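J.: coords please:
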Amino acid sequence: MKFPIQRFAWWLALGAGAADFCSGLGLAFVPAHVLPLMGLSVPGAEALVWLRWVGAFVWAVGASYLLALALGGEARLRTLLELTIPFRFSAGVFITVAIASGGLSLGWASVPAVDFALVVTQVWLLRRWLG
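T.: Predicted coordinates for the structure are as follows:
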C-alpha cells in the first residue's frame, strides 16, 4: 500500500507545528525552565529578553503550521510548506554560524539539525507532491 504524500505532509506539519508552538511558548514565557531541559545554561536577564523574543517567533511559526491544518485544504498546506523553508533555512544557518564562531554552545546544535532536516523534507515533499 502506497502512503499518500498528502497524509505524510499533514503529519509532518502537525509534528513540526506542535513542537515549534510548544517550544516557542516555553522559551517566550519560562525560558529558565526550558533551557536546562535542552542541557543549556540560563543566560543573564538581558539575554533572556532576546531569547523570549526568539521564543515568540518560534511560537508564531508553530502556530502557522497548526493554523494551516485547522483551516484545511491542500493548497494551504503546500503554501505553508513553501513559506517556512526560508525561515527554517535562515535560522539553521544563523545558529550554525553562531555555534561555529563560539557565540552559542554546542548544546544549540539540535536546533539547526531539526531546521535543516525539515527544509530537506519539505522540499522533498513539495517536489513529490507538485511533480
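
J.: which residue, other than its chain neighbours, is closest to the most centrally placed residue in the chain?
T.: Central residue of the chain (C-alpha atoms, centre = their mean): residue 20, 5.0 Å from the mean position. Take residue 20 and drop its neighbours on the chain: the residue closest to it by C-beta to C-beta, 6 or more residues apart in numbering is residue 62, 2.9 Å away. Glycine gets a C-beta too; all of them are placed from N, C-alpha and C.

J.: just residue 54 next, same as before
T.: Counting by C-beta to C-beta, 6+ apart, the residue nearest residue 54 is residue 27, at 6.4 Å.

J.: how many residues are close by the one you found?
T.: 23 (other C-beta atoms under 10 Å).

J.: residue 29 contacts residue 55, correct?
T.: Yes - between residue 29 and residue 55 there is a contact under C-beta atoms under 8 Å: 7.4 Å.

J.: of those two, which one has the most company?
T.: residue 55 (21 against 13).

J.: OK, contacts around the more buried one?
T.: 23-29, 31 (C-beta atoms under 8 Å, 6 or more residues apart in numbering).

J.: quick one: residue 41 and residue 31 touch, right?
T.: No - if you go by C-beta under 8 Å, residue 41 and residue 31 don't touch, sitting 11.3 Å apart.

J.: pretty sure the residue nearest to the centre of the chain is touching residue 59, no?
T.: Yes - under the contact definition of C-beta under 8 Å, residue 20 touches residue 59, with a separation of 7.1 Å.

J.: still on that earlier bit, from the contacts of residue 55, which would you call buried?
T.: 23-28, 31 (16 or more other C-beta atoms under 10 Å).

J.: check the offset of the helix or strand containing residue 20 from the chain's centre.
T.: Under the criterion of DSSP states H and E, residue 20 resides in helix 5-29. With C-alpha atoms, centre = their mean, to the nearest Å as the basis, helix 5-29 stands 7 Å off its chain's centre.
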